[in-house]
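Asker: what would the 3D arrangement of this be:
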Amino acid sequence: MSVIFGAIMPHPPIIVPTIGKNRLKEADKTKRGLEKISQQIKGLEFDTIVVITPHGRVGQASIPVYTSHVFEGNFADFGYPKPSVLYKGDPALGLAVVKNTHLASALPETILDHGVMVPLHYPTAAGINKPILPIAVAFVPLEKLFQFGKTLAETARSLDRKIVVIASADMSHRLTPDAPNGFSPRGKEFDDKLVSLVEKYDVNGIMNFDPSLAEEAGQDALWSIAVLLGALDGRPVKPELLSYEGPFGVGYMVAALKPE
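Answerer: From the prediction side, this is the model:
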């Protein structure tokens, strides 16, 4: 056994209570979904949390695997430099993954981006204290990200690691006229289709997602989800949609993918 739990979690800093403050109630479904999935993770026995981020040191040709012993992160870019949070790394797993595939490269980065920090906030608040392995996506075909995910799972298995894999993913950024990327009627079409595919655990549907619709939607979800699907490849998986909503013009989905 290697991957014991998969999760799709959004990464807007506004859902962190100290940042969102009163506006957090506008994303209450997301907050409750993140609290619920964090409790599910808390009830598991595992070694490492792997977080796939579409931000940070995104690669152009190879997938960056963060191999440091310790990581630090805060929300200074969003006006909150304190507190900084420290996480222990899992360099043994990271270096082994890099060794096992030509698709990845080792990255000696220690600073975490919000694509890692936000999804980790709720599990950390729930009392989960495990080593982490951050991995940034690369702008390569989804099939290569899927293959990398398979290597991640195989490597964890070879090291007898039990891992939780989080796909850090925001959906369309074009849901409303005041959305960050402007409005597109196809933004909601993208979100509805991806939510439906995740609910059905339709791997082929996600991996062959209409690229023109994904581009029009202004999403940053498919890359990290492709890695997660690769990590779960070959396993029967029970999907559970915990929440979806689109406050602030951006789609947020919280979903659990549980290998059986």
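
Asker: which residues in the protein form strands?
Answerer: 3-9, 48-53, 63-66, 70-75, 80-88, 104-107, 132-136, 163-168, 237-245, 252-259 (DSSP state E).

Asker: out of those strands, nearest to Lys29?
Answerer: strand 237-245 (4.3 Å; CB to CB). In this view, the C-beta of every residue, glycine as well, is placed from N, C-alpha and C.

Asker: rewinding a little: could you tell me the least trusted of the strands of the chain?
Answerer: Mean pLDDT per stretch puts strand 80-88 lowest among those, at a mean of 91.

Asker: that strand packs against which elements?
Answerer: Packing partners of strand 80-88 (3 or more CB pairs under 8 Å, 6 or more residues apart in numbering; DSSP states H and E): strand 70-75, helix 114-125.

Asker: got the CA coordinates for it in PDB?
Answerer: What follows is strand 80-88, C-alpha atoms only, in PDB (Å, rounded to 0.1, in the frame of the first residue of the first chain):
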ATOM      1  CA  TYR A  80       0.100  38.500   6.600                       C
ATOM      2  CA  PRO A  81       3.800  37.900   7.100                       C
ATOM      3  CA  LYS A  82       3.200  36.300  10.500                       C
ATOM      4  CA  PRO A  83       2.900  33.700  11.700                       C
ATOM      5  CA  SER A  84       5.300  31.600   9.600                       C
ATOM      6  CA  VAL A  85       4.700  27.900   9.700                       C
ATOM      7  CA  LEU A  86       7.400  25.300   9.600                       C
ATOM      8  CA  TYR A  87       6.900  21.800   8.200                       C
ATOM      9  CA  LYS A  88       9.300  18.900   8.200                       C
END
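
Asker: what about Thr176, how many residues close to it?
Answerer: For Thr176, the neighbour count with other CB atoms under 10 Å is 15.

Asker: ok, it - contacts?
Answerer: Thr176 makes contacts with Phe183, Gly246, Gly249, as judged by CB atoms under 8 Å, 6 or more residues apart in numbering.

Asker: any idea which of the residues you listed is closest to Ala255?
Answerer: Lowest distance from Ala255 to the contacts of Thr176 (CB to CB) belongs to Gly246, with 15.1 Å.

Asker: burial of the closest one, as a residue count?
Answerer: Neighbour count of Gly246, defined by other CB under 10 Å: 21.

Asker: check the one 4 residues further on too.
Answerer: Residue neighbour count, defined by other CB under 10 Å, stands at 26 for Val250.

Asker: closest to Asp210 out of the helices and strands packed on strand 80-88?
Answerer: Among the helices and strands packed on strand 80-88, helix 114-125 comes nearest to Asp210, with 24.0 Å by CB to CB.

Asker: just want the angle from that closest one to strand 132-136.
Answerer: Relative orientation of helix 114-125 versus strand 132-136 (axes from the mean of the first three to the mean of the last three CA atoms, to 10 degrees): 160 degrees.

Asker: against which helices or strands is helix 114-125 packed?
Answerer: strand 3-9, helix 28-42, strand 48-53, strand 70-75, strand 80-88, strand 132-136, strand 163-168.

Asker: in TSV, list those along with distance to Leu229 and mean neighbour count.
Answerer: Converted to TSV, the helices and strands packed on helix 114-125 look like this (distance: least, CB to CB, whole Å; neighbours: other CB atoms under 10 Å):
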stretch	distance to Leu229	mean neighbour count
strand 3-9	8	25
helix 28-42	17	18
strand 48-53	11	27
strand 70-75	25	17
strand 80-88	25	13
strand 132-136	14	27
strand 163-168	9	28
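
Asker: I'd like these as TSV, with distance to Ala106 appended.
Answerer: Converted to TSV, the helices and strands packed on helix 114-125 look like this (distance: least, CB to CB, whole Å):
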stretch	distance to Ala106
strand 3-9	21
helix 28-42	27
strand 48-53	15
strand 70-75	14
strand 80-88	18
strand 132-136	11
strand 163-168	18
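
Asker: what sits against the closest residue in space to Leu242 that isn't next to it in sequence?
Answerer: In this structure, Leu242 finds its nearest non-sequential neighbour in Gly33, 3.9 Å apart by CB to CB, 6 or more residues apart in numbering. Going by CB under 8 Å, 6+ apart, Gly33 touches Leu242, Ser243, Val254.
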